[in-house]
Structure formats: structure tokens, C-alpha cells
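1. can you look at this prediction? I've put the sequence above it.
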Amino acid sequence: MEKPLTQHIVPGRAPLSLKEYEKVGGYQSVRKILKGMTPQEVQALVKESDLKGRGGAGFNTGLKWSFVPMGDDAATPKYLVANADEMEPGTFKDRVLLEGNPHQLIEGMIVAAYAIQASISYVFLRWAYKVAAREITIAIQEAYEAGYLGQNILGSGFNLDMHLHTGVGRYMCGEETALLNALEGKRANPRAKPPFPQVSGLFGKPTIVNNVETLCCLPHIVNNGAEWFKKLGLTADAGTKLFGVSGRVKTPGCWELPMGTTIREILEDYAGGMQDGYLFRGLLPGGASTDFLVEEHLDLPMDYPSIQAAGSRMGTGTMIILDDQTCPVGFTLNLQHFFAQESCGFCTPCREGLPWVERILLAIDKGEGKPEHLLTLDFHTKYLGPGNTFCALAPGAMEPLQSALKYFREDFERHIHEHHCPWSKAKAWQPSI
Amino acid sequence: MLTAEEKHQIDHEISLVPAPKNACIEALKIVQQNHGWVSDESLKDVADYVGMSSAELDSVATFYNLIFRRPVGRHVILLCDSISCYVMGYEGIKEALHEKLNIQYGQTTADGRFTLLPNCCLGTCDCAPALMIDNDLYRNLTVEQLDEILNKYT
């Protein structure tokens, strides 16, 4: 099984130095594009490969790039930003790539920057990733010294600077326009679109923001071609994907597997199945802002269309397992507390609605719930849904709530009718505010 | 007053962006690095230096979880309270920390050694529960390990 993204990553071992990385074929894609491909050809190749954004939205990467103005009339400088602000609860895949092979990310960023003719690039890194910050700093320095970054790269006339920016903690920074505001030294509120960042992004200039895993796919697509990349997937979706599992499984972890690997295979063959004494009840397939899937969905392939057809989203591809000894109301309350806390407060439905949802869930969890509370929660899943808020935070928050109300409604009703949490009181979760 | 070294570091950040105010978060980080937190006086100094009003800069400073606008202890404990750590039982760790340190979230120990804060997902969910102290990440936590971990910090 091919694992292009993680083939040189050995857990517990330092990442490859630039020299070691070059020996295993590193930076070949940079040489290839600078010597023999136009930016438009790189864009077309990536579009043809059907690479979709690995940050959660799943938009065709080459298509996203194609909206950047090209040619002599285009505004400059253009920017490329690697979104390394991995903050979706339950998600720990980009950390693997950042700590394990920073040169692969830099190589991918050079490919992307060349494709859109960006001359300045940033790695927007989560503050918590201290090891990654250290390794990326070293790797950027090495890449400058070897002439892969800076002026006139490999004598091609192409220039690219790269900076590491570490954030100061806010979930909103993962949203690309909010991330740009953070990079500009502002509150990380999302921006109105249009204009889209491709036209008016960082400092008002054309900008592309791509997820770390997306960028790490690029060298391999350039080296091996679009057809090769498409064939890596088992289903209609292209490439490999970093899948992760956390919760009460025997061997939680993160693995690079073909796109389209079934949920059951990931859970049983890689995560080792449920821990002894715990039964499976459901899972969030791709982070906190994705709808629950349950037993009947376990044979679905993990790819964008299959998970969407089941009423959820593949999101980041890192699953969180709900077991039979964890209260679904407490689980949902924990998620809604997170979203209420991380709302930027800019638009009213999100700012007011999420704390309302949190308070109702807290009341239900404490045994103070009323039957009409469930209708109020149902109401919120509609009115905080897509189209009613300024960005995707609140609609994302409603995904696990609406599906919890669908699949675990009896458990919500038991809390209300029995006036207490049927799960151990010791496990009742109290928010910290 | 910003020190000469702080001004030097802030000047470098300003050189990388179109306008000085674009470097304000970096400037706050530099001040916090030296003082542990950002006091009202420091906030005004930074605001003046990058050409913003204190109110505007404070709206930025208070937006972010890791800019501290109140004094913190010599070491800051950030306990992950997100979903994977919830499933894996982080409350036991929380209760033990409350008991051992005799502080709640947001408080600092009487000897100024630790401040305890809840924190969003630390991105190490396969090794939950997890916490960070300063720059150090601790994973697969059990209550039994806490004394040994806390004893590393003076």
C-alpha cells in the first residue's frame, strides 16, 4: 500500500534533514516545475488530480487556485498561506505531518506558490505545536541555505520568502478569512465574501490558504502525475488520507490510508476495535463539527461523497468515538460549550444562540430539562444552520447536535423524564465558565 | 516602558508587514514573553509604539486565548477539556489538580507557582487526556503521574 505522505515519517525519530530528504527524492518536484512547467500547467495538473482540500471543506484545490489573477496585470505581492492552525477538537493529523516531515510541507508550499506566482508565504501554526515550530524553523532555514527559498530559486527567476507565524489561540483562526485577519494583527473575525481571498486576501492582495495535508500531497502529484494520484483512492475520490481515531478504542492513532477505506476497517484493523468493556454507539467522522454516524454506517467508505450521502461530512477525517459508557448528552454539551466559547461574537445568531444551546444542554444533563427543551434545540439546529450565520462555525456546531437529537433522542428524553443523568454522576461534565 | 530589546524585537516584526499595527499581536507576544502577562501599562506602551489606540489593541488582545491580561503564575497549566479528553476522563485530572493545588480554573496558587486554565483541544487526541505546562506537553495522563509532573516546576 502506498503511503506517500508518511513514508519518511517514523514516530519518535527526528524528521529528515534537508540533505536526507533530498536523498530520498525530496525537492524533485520543485526542480521539475521550475525547469519545465508553467504555473498554468501546475494548476491544470493539480485540478486534474482531483485533490480536494484536506482541511475539511473538500473543495478541488486546483480549482481554488484558478481564481487567483495571473499575468502581469495581477496585483502583487501574492501570498500563499499554509493553514497549520489545527484546532478542530478530535483532530491531530496535521501535527503528524508538521512534526514528522517539515520539508515535505515546504516543498508543497513552493509548488503551490509557483502555481499562483506568490512571492511571500506563511506557515500559520498553532501555538500549542511547539515541536513543530522548532522543526519548521530549522527546515525553513535549511531550505533558504540550499537555495529552495529566497531570490531566483535554482536560477529560475522565481522568488519566494517563507515565514513561520505562531498563533495565540482561537478556533476561528482555522477559517481562512479569519486566519488572514489574525495574520494582519486583527481580531480573527471572518470576512465577508466576496471578495474572495484569491482576489483580495492578505493585506488586500491575492491569497491562497491551503491546509497542511493538502500542500503535502503536491510534491507527489507533480512527481507521479494526476492519474497515479487518482488511482491511490479506492473509490471515486483521489489520493490517500490521514485518518485518525480517538476515544475508547484499543489502539487510538493516525494512519495514512487510501481514500475510500471503510470506517469499519479503520476502526477494527487499525484502531483495534473497542476497548474491553466498552460498546460502540456512534462516531463523529471528521472532527467536532461533523454529524454523528452510527452502526449502520460502519461499512461506508471514508470519502467525501459517501459520508455526505449519509448525512455527515468527512471533515478532517479524524474520528471521535462515542461509547456506551459516555453520556450522549454530556458528549454533546462538551461540544457545544467549545463552540459557544469559540464563537467570535460578530454575528448575533451564533453569539446568542450557541450559549443558549449550551445552557439547555446543561439543564438537561443536570436533570432539570423539560420536554419543550428538545423542541428549542431542534429549533436552533434550523436557525443556526447554513445560510443564517455569517460563517460556518455555528452551522458546524449544529451538525453533531442535530444528529445527536436524531440518533440518541431516547437518551435525551430519559434525562428529562427521570430528572437525572442515567450515566454515572461522576461523569457529568461541568463547563468551566 | 518598553525596553530597548523589546523595541528592537518589535521593530523586526514591523519590518515584515505593511504597517506597524499589523505587528501588534507579535508585539504583545514579545511583551508577554518578558513579563508573563500584558499589564494595562504594557498594553498602552505597545499601542503607542505601533500606532493604535489602547482600546483597539485591547480588543485584539482579549480576543485571543493565550494573551494574558491578568497576572499568571510562574507556570501556566493548560488542561485540555475538549471532546476526546472528555471521553477519556479528563475530569479526574481536573479534580486532582484542583485538590493538589487548591485552585480553581483561572486562579493562581498562593505561592505564585501555577495558574490553572482550561484549554481547547491540544491536537493529541490519540493520547488523551493531555495537558501542557509552559512549553511541555504531557499525554496519556493518569492522576498518579501528576505529582511527578508538577514537581518538575518550581
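-> Yes, it's here. Numbering: from 1, shown residues only, chains lettered A, B, ... in the order given.

2. doesn't A:Gly71 belong to a helix?
-> No - counting by DSSP: H, G, I helix; E, B strand; the rest coil, A:Gly71 is located in no helix; its state is coil.

3. okay, now it: neighbour count?
-> Using other C-beta atoms under 10 Å in any protein chain shown, A:Gly71 is surrounded by 7 other residues. Yep, even glycine has a C-beta here, placed from its N, CA and C like the rest.

4. gap between it and A:Ile116?
-> The spacing between A:Gly71 and A:Ile116, counted by C-beta to C-beta, to the nearest Å, is 12 Å.

5. which parts of chain B are helices?
-> For chain B, applying DSSP state H gives helices covering B:4-15, B:24-35, B:40-50, B:54-61, B:83-87, B:90-101, B:146-150.

6. what does the stretch 151-300 of chain A give?
-> Taking DSSP state H, counting those that start in this stretch as the test, the helices found in the stretch 151-300 of chain A are A:176-183, A:212-224, A:226-232, A:263-265.

7. in which helix or strand does A:Ala397 reside?
-> Following DSSP states H and E, the helix or strand that holds A:Ala397 is helix A:393-407.

8. any part of that helix near chain B?
-> No - Helix A:393-407 lies apart from chain B when judged by C-beta under 8 Å from any C-beta of the partner chain; the minimum separation is 9.0 Å.

9. how long is stretch A:264-281 end to end?
-> Using C-alpha to C-alpha, to the nearest Å, one end of stretch A:264-281 lies 13 Å from the other.

10. name the residues of it that are buried.
-> By 16 or more other C-beta atoms under 10 Å in any protein chain shown, the buried positions in stretch A:264-281 come out as A:265-267, A:270-271, A:274-275, A:278, A:280-281.

11. ok, residues contacting that stretch?
-> A:243, A:245, A:248-253, A:255, A:257, A:283, A:294-295, A:298-299, A:302, A:319, A:321-326, A:328, A:408 (C-beta atoms under 8 Å, 6 or more residues apart in numbering or on different chains).

12. cool, and stretch A:234-243?
-> By C-beta under 8 Å, 6+ apart, the surrounding residues in contact with stretch A:234-243 are A:2-6, A:49-52, A:54, A:93, A:96-97, A:213, A:217, A:229-230, A:232-233, A:254-261, A:266, A:270, A:301-306, A:317-319.

13. excluding its backbone neighbours, what's nearest the residue of chain B most remote from its centre?
-> Using C-alpha atoms, centre = their mean, the residue of chain B lying farthest from its centre is B:Pro18. It sits 27.7 Å away. Closest residue to B:Pro18 apart from its sequence neighbours, by C-beta to C-beta, 6 or more residues apart in numbering or on different chains: A:Phe203 at 5.3 Å.

14. picking that back up, of the contacts of stretch A:234-243, keep whichever come out buried.
-> Looks like the contacts of stretch A:234-243 have A:4-6, A:49-52, A:54, A:93, A:96-97, A:213, A:217, A:229-230, A:232-233, A:254-261, A:266, A:270, A:301-304, A:306, A:317-319 buried, using 16+ other C-beta under 10 Å.

15. state the distance from A:Gly385 to B:Thr124.
-> Separation of A:Gly385 from B:Thr124 (C-beta to C-beta): 31 Å.

16. make a PyMOL selection of the buried ones in the contacts of stretch A:264-281.
-> Of the contacts of stretch A:264-281, the buried ones go into a single PyMOL selection, burial set by 16+ other C-beta under 10 Å:
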select buried, chain A and resi 243+245+248+249+252+253+255+257+283+294+298+302+319+321+322+323+326+328+408
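
17. how about the residue nearest the centre of chain A, nearest residue that isn't a chain neighbour?
-> With distances taken as C-alpha atoms, centre = their mean, chain A has A:Gly55 as the residue nearest its mean C-alpha position (2.9 Å). Excluding the flanking residues, the one nearest A:Gly55 by C-beta to C-beta, 6+ apart is A:Asn211, at 3.3 Å.

18. what residues are up against the one you found?
-> A:53-56, A:82-83, A:94.

19. tell me the bridge partners for it.
-> For A:Asn211, the beta-bridge partners under DSSP bridges are A:Asn83.

20. A:Ser246 now?
-> Beta bridges link A:Ser246 to A:Ile320, judged by DSSP bridges.

21. B:Tyr49 is nearest to which of the helices of the stretch 151-300 of chain A?
-> Across the helices of the stretch 151-300 of chain A, B:Tyr49 has its closest neighbour in helix A:176-183 (19.6 Å, C-beta to C-beta).

22. and the angle for the closest one with helix A:393-407?
-> 130 degrees (axes from the mean of the first three to the mean of the last three C-alpha atoms, to 10 degrees).

23. excluding covalently adjacent residues, which one is nearest to the most centrally placed residue in chain B?
-> Nearest to the mean C-alpha position of chain B, counting by C-alpha atoms, centre = their mean, stands B:Leu66 at 4.3 Å. Nearest residue to B:Leu66, sequence neighbours excluded (C-beta to C-beta, 6+ apart): A:Gly169, at 4.0 Å.

24. can you check B:Phe114 too?
-> Leaving aside its sequence neighbours, B:Phe114 sits nearest to B:Gly73 (C-beta to C-beta, 6+ apart; 4.8 Å).

25. residues near the residue in the stretch 1-150 of chain A that chain B sits nearest to, how many?
-> Nearest residue of the stretch 1-150 of chain A to chain B: A:Pro89, at 3.9 Å (C-beta to the nearest C-beta). A:Pro89 has 29 neighbouring residues, counting by other C-beta under 10 Å.

26. for it, give me its contacts.
-> A:287-288, A:320, A:335, A:338, B:82-84, B:120-121, B:125.

27. with pLDDT, neighbour count and distance to B:Ala110 added, can I get those in TSV?
-> Formatted as TSV, these follow (pLDDT from 0 to 100; neighbours: other C-beta atoms under 10 Å in any protein chain shown; distance: C-beta to C-beta, whole Å):
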residue	pLDDT	neighbour count	distance to B:Ala110
A:Gly287	96	30	39
A:Ala288	97	29	36
A:Ile320	98	31	38
A:Leu335	98	28	35
A:Phe338	97	26	31
B:Ser82	97	29	29
B:Ile83	97	28	33
B:Ser84	98	32	33
B:Cys120	94	22	28
B:Cys121	94	28	30
B:Cys125	97	34	34
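
28. isn't A:Pro77 right up against A:Ser119?
-> Yes - judged on C-beta atoms under 8 Å, A:Pro77 makes contact with A:Ser119 at a distance of 4.6 Å.
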